[in-house]
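1. can't give you the sequence, but here's the structure:
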């Protein structure tokens, strides 16, 4: 099964309780300016829980923020984790445009929040937590040095999470007629694997 990189990323975040918008466009101020887009923009609320009798356990990278909404600005790469210039260069002011577009903070605090995201890769206060987020085949040492607190999650980890969530909760997740075709295909791969994670990993090929 070949699947475009953004699709398993979307399902990874969704299965971890995020409300997501793929390909979120940050529009330019005028025709002479350049816009950009976010591969996946998402928010996870602090009291997220799924099922009463057998609660689902989400990844620790998300559950560590347990008292506030957690916003992600996710960059998805087929190979090495990386962050594009629009999210690392303050002079482009794309972070300011994003913050105003989604309304996560008051206008008078936009500069402060944007500066933290550019400088550290995340912003944290008592009201919300917001972070850049990298997805790729391998972690990037340059990103780790510049942004040590920015999560880098590999395809192997993402596919293992998806397989485990779908197989451990097979009965609960079997009602999925409304899922998109990528979710349906990931489910079919899980089913065809005979509950063997190694076969699932071999069956799914990430493409651009």
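-> In hand now; what should we look at? Model, not experiment: these values are computed from the prediction. Numbering: from 1, shown residues only.

2. what about the strands in this structure?
-> Here the chain has its strands, by DSSP state E, at 2-4, 19-26, 36-44, 70-76, 122-124, 129-136, 152-154, 205-207.

3. I'd like these as CSV, with mean neighbour count, distance to residue 59 and mean pLDDT appended.
-> Glycine gets a C-beta too; all of them are placed from N, C-alpha and C. Listed next are the strands of the chain as CSV, based on neighbours: other CB atoms under 10 Å; distance: least, CB to CB, whole Å; pLDDT from 0 to 100:
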stretch, mean neighbour count, distance to residue 59, mean pLDDT
strand 2-4, 13, 20, 94
strand 19-26, 15, 15, 95
strand 36-44, 20, 10, 96
strand 70-76, 24, 12, 97
strand 122-124, 19, 17, 98
strand 129-136, 24, 12, 98
strand 152-154, 19, 8, 98
strand 205-207, 13, 19, 94
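
4. now those strands in TSV, with distance to residue 171?
-> As requested, those are exported to TSV (distance: least, CB to CB, whole Å):
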stretch	distance to residue 171
strand 2-4	24
strand 19-26	25
strand 36-44	24
strand 70-76	29
strand 122-124	37
strand 129-136	29
strand 152-154	27
strand 205-207	28
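
5. any low-confidence regions in the chain?
-> Applying pLDDT under 70 to the chain picks out residues 31-34.

6. so which of the strands of the chain gets nearest residue 166?
-> strand 2-4 (14.3 Å; CB to CB).

7. quick one: that closest one to chain centroid distance?
-> 17 Å (CA atoms, centre = their mean, to the nearest Å).

8. does anything pack onto it? Which helices or strands?
-> helix 181-192, strand 205-207 (3 or more CB pairs under 8 Å, 6 or more residues apart in numbering; DSSP states H and E).

9. pick the most buried one from the ones you listed.
-> Ranked by mean neighbour count, these are led by helix 181-192 with a mean of 17 (mean count of other CB atoms under 10 Å).

10. can you pull out the helices in the protein?
-> 6-15, 60-63, 94-102, 110-120, 141-146, 155-168, 170-173, 181-192, 197-203 (DSSP state H).

11. okay, angle between the longest one and strand 70-76 too, please.
-> If you take axes from the mean of the first three to the mean of the last three CA atoms, to 10 degrees, helix 155-168 sits at 120 degrees to strand 70-76.

12. list the contacts of helix 155-168.
-> Residues outside helix 155-168 that contact it (CB atoms under 8 Å, 6 or more residues apart in numbering) are 8-9, 11-12, 15-16, 56, 59, 135-137, 173, 186-187, 190, 193, 195, 197, 200-201, 204, 206.

13. show the buried residues in these.
-> Using 16 or more other CB atoms under 10 Å as the burial test, the contacts of helix 155-168 include 8-9, 11-12, 15-16, 56, 59, 135-136, 173, 186-187, 190, 193, 200, 204, 206 as buried.

14. identify each buried residue in stretch 48-59, please.
-> Buried positions in stretch 48-59, judged by neighbour count with 16+ other CB under 10 Å: 48, 56, 58, 59.

15. understood, closing this out.
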